[in-house]
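In: Have a look at this fold, sequence not included:
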């Protein structure tokens, strides 16, 4: 359900709903961003999440490599998708890399506007997740493929209105916070076109937290 965008229309605020870490993003998102032609870009990502990954991803990647080496030496089968999921968790989201590159190329502001608190609470579990025994358990188990599941849930929501995951209190708090920051950005940049990139679930906005900003919502996947 890819939305048609006319870059010449008089619209100030766009919300681009993405499937986080989807393999299609590097091919899809640059074209949509260029079509919108923003003067300011923002992302549903926190400063804490950024710094945590910069400081820890090499250490956790080394643990994954050590477990993989052990499994290969013991000729034990492992799940390639689980390896990709673990590495993806610690890598920078591809939407961050894409927006960061676009911002640098176009010389426009780029802001991370999500809350640090929830990133902190979630990432406190990373040390347990990347414990060597847990990595081995994850790589030799059968629970993988979250990316395809996320894409399927998004398709169900946009095509049929079916909701696989409820809009919970955390989403409400975060959306209220981000909508406030976006409102301030628009207030102080009245002649600028703003693009906010966020997970597709934020497009639902059941409490109309973004409504006053009059967003044009875009879901770029067919």
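Out: It's in. In this text, all values refer to a predicted model and were calculated from it rather than measured experimentally. Numbering: from 1, shown residues only.

In: show me where this protein has strands.
Out: Taking DSSP state E to define them, one finds strands in the chain at 13-18, 40-43, 110-112, 194-199, 216-218.

In: Highest mean neighbour count out of the ones you listed?
Out: Of all the strands of the chain, strand 13-18 has the most neighbours on average by mean count of other C-beta atoms under 10 Å, namely a mean of 24. Any C-beta I mention is one placed from the backbone N, CA and C, and that applies to glycine too.

In: and that strand, how far out from the chain's middle?
Out: 12 Å (C-alpha atoms, centre = their mean, to the nearest Å).

In: what's the angle between it and strand 194-199?
Out: Angle of strand 13-18 versus strand 194-199, following axes from the mean of the first three to the mean of the last three C-alpha atoms, to 10 degrees, is 20 degrees.

In: Need the strands of the chain in CSV (columns: distance to residue 77 and mean pLDDT).
Out: Listed next are the strands of the chain as CSV, based on distance: least, C-beta to C-beta, whole Å; pLDDT from 0 to 100:
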stretch, distance to residue 77, mean pLDDT
strand 13-18, 33, 97
strand 40-43, 37, 98
strand 110-112, 39, 98
strand 194-199, 33, 98
strand 216-218, 41, 95
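
In: Present these as a markdown table; the columns should include distance to residue 79.
Out: Formatted as a markdown table, the strands of the chain follow (distance: least, C-beta to C-beta, whole Å):
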| stretch | distance to residue 79 |
| --- | --- |
| strand 13-18 | 25 |
| strand 40-43 | 30 |
| strand 110-112 | 32 |
| strand 194-199 | 25 |
| strand 216-218 | 33 |
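
In: Of these, which is nearest residue 134?
Out: Residue 134 lies closest to strand 194-199 among these, at 25.4 Å (C-beta to C-beta).

In: Listing partners with orientation, what would you give for that closest one?
Out: Sheet pairing here is set by DSSP bridges, and for strand 194-199 it gives strand 13-18 (parallel), strand 40-43 (parallel).

In: Just send these back as a markdown table, with distance to residue 25 too.
Out: Shown next, in a markdown table, are these (distance: least, C-beta to C-beta, whole Å):
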| stretch | distance to residue 25 |
| --- | --- |
| strand 13-18 | 6 |
| strand 40-43 | 12 |
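
In: which stretch among the ones you listed comes nearest residue 139?
Out: Closest among those, using C-beta to C-beta: strand 13-18, at 26.8 Å.

In: Quick check: residue 18 vs residue 125, distance?
Out: With distances taken as C-beta to C-beta, to the nearest Å, residue 18 is found 24 Å from residue 125.

In: any idea how far residue 92 is from the residue lying farthest from the centre of the chain?
Out: Here the chain reaches farthest from its C-alpha mean at residue 74, the gap being 35.9 Å by C-alpha atoms, centre = their mean. To residue 92, residue 74 is 32 Å away according to C-beta to C-beta.

In: quick check: mean pLDDT across the top helix by length along the chain?
Out: What stands out as the longest helix in the chain, according to DSSP state H, is helix 47-73. The pLDDT scores in helix 47-73 average 95.

In: Please renumber the chain so that the first residue is 12 from this point on.
Out: Sure thing, new numbering starts at 12, so read that last one as helix 58-84.
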